[in-house]
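Novice: Curious how this folds, go ahead:
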Amino acid sequence: MASPAVLMRLVASAYSVAEKAAAIVRKVMAGGDLGIVEKCGANDLQTKADRLVQMSICSSLSRKFPKLTIIGEEDLPSYDVDEELIENGQYEEILKKTCPPQYSTIKEEELVVWVDPLDGTKEYTEGLLDHVTVLIGIAYGGKAIAGIINQPYYNYEAGADAVLGRTIWGVLGLGAFGFQLKEVPDGKHIIITTRSHSSKMVNDCIGAMNPDTVVRVGGAGNKVIHLIEGKASAYVFASPGCKKWDTCAPEAILHAVGGKLTDIHGNSLHYNKEVKHMNSAGVLATLRNFDYYASRVPDSVKQALVP
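Specialist: Sure thing, here's the model as predicted:
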């Protein structure tokens, strides 16, 4: 039997690496010392978990796939990583699936991995643990084609017997797994948006969409999970704050189930290794009815957010 395609081996490894990352996130929280530093003010924090998880993910994947380009959120010095942080495993269930033919001959050096070690850091420091995700996005030809989202604290309020944490993964052309796909009832406009980076422009854009409900939560991964589980109909962020490592994995999973994620103008995001890291023209994402929301973005917002 032929060995699995590079993409499927990478996704299978990234799944196991994300599970290891979740264990690190929980261990740091349980230890009580989060090691918080401010990067660019009180809304842009870094914790010990961010640092350890990024070292774990980047080192684990680069050992197995030395020709990969890996871009992580945290600017960390390169030094020897503690062997305890290395994950060598792979999720065998993924290797049993057939790689979509358009990706079956991809070479390792053609792939770019975007890593957000702890999406929702601010919420993590405030104990809003269900907002927190670990994101590993995989891009080819500038396009997000596969992603892994781990929720370290999924089910954390369900009692001592509940299984803590889950990993959602997806590949374009194959589908997405690890959750139950649901849609918001027809005609309901539930908009999910930023909790800590709101502004007049963000709120003007949301208001123009005539929402029934506005949900404010942390984390891009968390917001896209709300879309695919039928808890929100559109993710709207009319601001330049979000980065490529926030959107790569969630976009791949959303697109794998027929959704759409773009900038506020409806342009595709690009994930090749040379691109700027900021999504300077915001984010607009839906599972269904993308055109309804895109058509209601005010011209004033479009003019203010230049791609």
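Novice: In terms of secondary structure, what does the least confident helix or strand in the chain by mean pLDDT contact?
Specialist: Here the helix or strand of the chain ranked lowest by mean pLDDT, DSSP states H and E is strand 37-38, holding a mean of 79. Under the contact criterion of 3 or more C-beta pairs under 8 Å, 6 or more residues apart in numbering; DSSP states H and E, strand 37-38 touches strand 45-46. Any C-beta I mention is one placed from the backbone N, CA and C, and that applies to glycine too.
Novice: how about the helix or strand that comes right after the strand it packs on: buried residues?
Specialist: The C-terminal neighbour of strand 45-46 among helices and strands, as given by DSSP states H and E, is helix 48-64. In terms of neighbour count (16 or more other C-beta atoms under 10 Å), helix 48-64 has its buried residues at 48-61, 64.
Novice: Then stretch 91-109?
Specialist: Buried residues in stretch 91-109 (16+ other C-beta under 10 Å): 91, 94-95, 99-100, 103, 106.
Novice: Taking the buried residues of helix 48-64, tell me the two that lie furthest apart.
Specialist: Pairwise distances across these (C-beta to C-beta) peak at 24.9 Å, for the pair 48 and 64.
Novice: Tell me where the longest helix sits in the chain.
Specialist: Scanning the chain for the longest helix, with DSSP state H as the assignment, gives helix 6-31.
Novice: Next up, the contacts around residue 247.
Specialist: 137, 144, 220, 261, 269, 279, 283 (C-beta atoms under 8 Å, 6 or more residues apart in numbering).
Novice: can you check residue 149 too?
Specialist: For residue 149, the contacting residues are 18, 133-135, 167-169, 221, 224-225, 249-250, 253, by C-beta under 8 Å, 6+ apart.
Novice: quick one: which of these sit in strands?
Specialist: If you go by DSSP state E, the contacts of residue 149 have 133-135, 167-169 in strands.
Novice: one step back: give me the sheet partners of the least confident helix or strand of the chain and which way each runs.
Specialist: If you go by DSSP bridges, strand 37-38 pairs up with strand 45-46 (antiparallel).
Novice: And for the partner strand, what's in contact with it?
Specialist: The contact list for strand 45-46, computed with C-beta under 8 Å, 6+ apart, reads 36-39, 74, 121-122, 125.
Novice: ok so, going back, with secondary structure and neighbour count as added columns, please give the contacts of residue 247 in TSV.
Specialist: Formatted as TSV, the contacts of residue 247 follow (DSSP: H, G, I helix; E, B strand; the rest coil; neighbours: other C-beta atoms under 10 Å):
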residue	secondary structure	neighbour count
137	strand	29
144	strand	29
220	helix	29
261	strand	25
269	coil	21
279	coil	26
283	strand	27
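Novice: Switch those residues over to a markdown table; also include pLDDT and distance to residue 110.
Specialist: What follows is those, written out as a markdown table (pLDDT from 0 to 100; distance: C-beta to C-beta, whole Å):
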| residue | pLDDT | distance to residue 110 |
| --- | --- | --- |
| 137 | 98 | 15 |
| 144 | 98 | 14 |
| 220 | 96 | 25 |
| 261 | 98 | 22 |
| 269 | 98 | 18 |
| 279 | 95 | 23 |
| 283 | 97 | 26 |
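Novice: Now flag whichever of these is closest to residue 156.
Specialist: Set against residue 156, the nearest of the contacts of residue 247 by C-beta to C-beta is residue 220 (20.0 Å).
Novice: Which strand or helix spans the nearest residue to the closest one once chain neighbours are set aside?
Specialist: With C-beta to C-beta, 6 or more residues apart in numbering as the criterion, residue 220 has its nearest non-adjacent residue at 3.9 Å, and that residue is residue 246. According to DSSP H and E, residue 246 maps onto helix 244-256.
Novice: Okay, angle between that helix and helix 48-64 too, please.
Specialist: Orientation check (axes from the mean of the first three to the mean of the last three C-alpha atoms, to 10 degrees): helix 244-256 against helix 48-64 gives 70 degrees.
Novice: report the angle between the axes of helix 244-256 and helix 6-31?
Specialist: In terms of direction (the same axes, to 10 degrees), helix 244-256 departs from helix 6-31 by 120 degrees.
Novice: Mind exporting the C-alpha coordinates of helix 244-256 to PDB?
Specialist: Coordinates of each C-alpha in helix 244-256 appear next as PDB, following Å, rounded to 0.1, in the frame of the first residue of the first chain:
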ATOM      1  CA  LYS A 244      -3.300  35.300   9.200                       C
ATOM      2  CA  TRP A 245      -2.600  32.800  12.000                       C
ATOM      3  CA  ASP A 246      -6.100  33.700  13.500                       C
ATOM      4  CA  THR A 247      -7.900  32.900  10.200                       C
ATOM      5  CA  CYS A 248      -6.000  30.100   8.300                       C
ATOM      6  CA  ALA A 249      -7.200  27.100  10.200                       C
ATOM      7  CA  PRO A 250     -10.800  28.300  10.800                       C
ATOM      8  CA  GLU A 251     -11.100  29.300   7.200                       C
ATOM      9  CA  ALA A 252     -10.000  25.900   5.900                       C
ATOM     10  CA  ILE A 253     -12.500  24.100   8.200                       C
ATOM     11  CA  LEU A 254     -15.300  26.500   7.300                       C
ATOM     12  CA  HIS A 255     -14.600  26.200   3.500                       C
ATOM     13  CA  ALA A 256     -14.500  22.400   3.900                       C
END
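Novice: Appreciated, that's everything.
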